[in-house]
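Asker: Predicted model follows, preceded by the sequence.
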Amino acid sequence: MDPEDPEDRDEGIDDDERELLRQDLDDVEALKHLLGPRGLKGVIFYCPDCEEDHYLTWDLLRGNLNQLLEEGDSPVHEPAFDPDPDEYVTWDYARGFLDGYETLQDEESEEVAKRLSRELAGRGWTRGDISGLLGSVHLRPSDEGPPPEND
């Protein structure tokens, strides 16, 4: 058995866990771009092994997740040097923020599509033309029913 050979290595994670790790990696990138400009450097995790909080910057967290995905285990961890707890959030908070942000984006997009559909219908655009325009800018056509008849 060669531990360097991926065929011989006991990965310890299955395909479902791999998919969840890939989603976490996507989330870390989104969170870095959404929360970083707000002064948040990363996440805080409580480590039951050493009974301490660990402060992971977005890049460090991404690196740890990549290593877990590629090698099947997490790197050795050490507590951060003198972190400011106000610059970190829990993973649950970060994921909740991201879920709320994505939901708001979807709701705002839906409202924009509805308002734009009504406005264009009022200017004489056909349902097909409105759907084509909305699709070209990645908005879903409104499900409110047909636009009002033109005068």
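Answerer: Nice, I can see it.

Asker: ok, and for stretch 26-34, which residues are buried?
Answerer: Across stretch 26-34, burial judged by 16 or more other CB atoms under 10 Å covers D27, V28, L31, K32. Where C-beta positions appear, they are placed from N, C-alpha and C, glycine not excepted.

Asker: To clarify, my last question referred to stretch 34-45.
Answerer: Using 16+ other CB under 10 Å as the burial criterion, the residues of stretch 34-45 that qualify are L35, L40, K41, G42, V43, I44, F45.

Asker: picking that back up, and the buried residues of stretch 26-34, which of them are in helices?
Answerer: Counting by DSSP state H, the part of the buried residues of stretch 26-34 found in helices is D27, V28, L31, K32.

Asker: Identify, from the residues you listed, the entry nearest to P85.
Answerer: P85 has its nearest neighbour among these in L31, at 17.3 Å by CB to CB.

Asker: Count the neighbours of the nearest residue to that closest one once chain neighbours are set aside for me.
Answerer: Spatial nearest neighbour of L31, chain neighbours left out: A94 (5.1 Å); criterion: CB to CB, 6 or more residues apart in numbering. Close neighbours of A94, defined as other CB atoms under 10 Å, add up to 24.

Asker: Mind checking the pLDDT average for the helix or strand containing A94?
Answerer: Assigned by DSSP states H and E, A94 falls within helix 91-122. Across helix 91-122, the average pLDDT comes to 88.

Asker: Can you spell out which helices and strands pack onto that helix?
Answerer: helix 15-35, strand 42-47, helix 127-136 (3 or more CB pairs under 8 Å, 6 or more residues apart in numbering; DSSP states H and E).

Asker: separation between the residue minimising distance to the centre of the chain and Y88?
Answerer: Nearest to the mean C-alpha position of the chain, by CA atoms, centre = their mean, lies D27 at 3.1 Å. D27 sits 16 Å away from Y88, taking CB to CB, to the nearest Å as the criterion.

Asker: how's the chain carved up into domains?
Answerer: Structurally, the chain divides into domains by automatic domain parsing as follows: 15-94, 102-151.

Asker: residue contacts, the residue lying closest to the residue nearest to the centre of the chain once chain neighbours are set aside?
Answerer: Excluding the flanking residues, the one nearest D27 by CB to CB, 6+ apart is L98, at 5.9 Å. By CB atoms under 8 Å, 6 or more residues apart in numbering, the residues touching L98 are D27, A30, L31, L34.
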